[in-house]
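Colleague: pasted the sequence and its predicted model underneath.
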Amino acid sequence: LDDKNLSGLKLRGVDLRGAHLNGCNLRKADLKGADLRDARLRQADLRKVVLDEADLSGADLRRAKLDGASLKKAKLKKTKGL
């Protein structure tokens, strides 16, 4: 992605499988039900993001900021960094 500022966007159910989102600002974004399998989210700002029911299987969350993030019923199988 060229624009790394995705804060506050409504991205419910979006398919971001394998997306390169390292360092992205997703603060307060709504990613409920999103497919983030194998996504690269190293050092991403995920503070107060909604990841309820999202699939983060195999995602790389190392050094991501997750303060206040909601992960209700999220799939976290083989997620790195949690």
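Modeller: Looks like it came in fine.
Colleague: which regions of the protein lie under the pLDDT threshold?
Modeller: 1-2 (pLDDT under 70).
Colleague: buried stuff in stretch 23-34?
Modeller: Residues of stretch 23-34 classed as buried: 24, 25, 26, 27, 28, 29, 30, 31, 32, 33, 34 (neighbour count, 16 or more other CB atoms under 10 Å). For the C-beta atoms, the positions are set from N, CA and C on the backbone; glycine is no exception.
Colleague: as CSV, these with distance to residue 51 would be great.
Modeller: CSV is the format used below for the buried residues of stretch 23-34 (distance: CB to CB, whole Å):
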residue, distance to residue 51
24, 14
25, 15
26, 9
27, 12
28, 12
29, 9
30, 9
31, 5
32, 7
33, 9
34, 7
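Colleague: max pairwise distance over those: which two?
Modeller: 25 and 33 (20.8 Å; CB to CB).
Colleague: how about the helices in this protein?
Modeller: Assigned helices in the chain: none (criterion: DSSP state H).
Colleague: hang on, the earlier thing: of all the buried residues of stretch 23-34, which comes closest to residue 42?
Modeller: residue 24 (9.7 Å).
Colleague: pull up the gap between the nearest residue to residue 57 once chain neighbours are set aside and residue 59, please.
Modeller: Leaving aside its sequence neighbours, residue 57 sits nearest to residue 77 (CB to CB, 6 or more residues apart in numbering; 4.4 Å). Taking CB to CB, to the nearest Å as the measure, residue 77 falls 10 Å from residue 59.
Colleague: who has more neighbours, those two?
Modeller: residue 59 (32 against 10; other CB atoms under 10 Å).
Colleague: which residues of the protein fall in strands?
Modeller: Taking DSSP state E, the chain contains no strands at all.
Colleague: so what's the residue lying closest to residue 75 once chain neighbours are set aside up against?
Modeller: Nearest residue to residue 75, sequence neighbours excluded (CB to CB, 6+ apart): residue 55, at 4.4 Å. If you count contacts by CB atoms under 8 Å, 6 or more residues apart in numbering, residue 55 has them with 34, 35, 36, 37, 74, 75.
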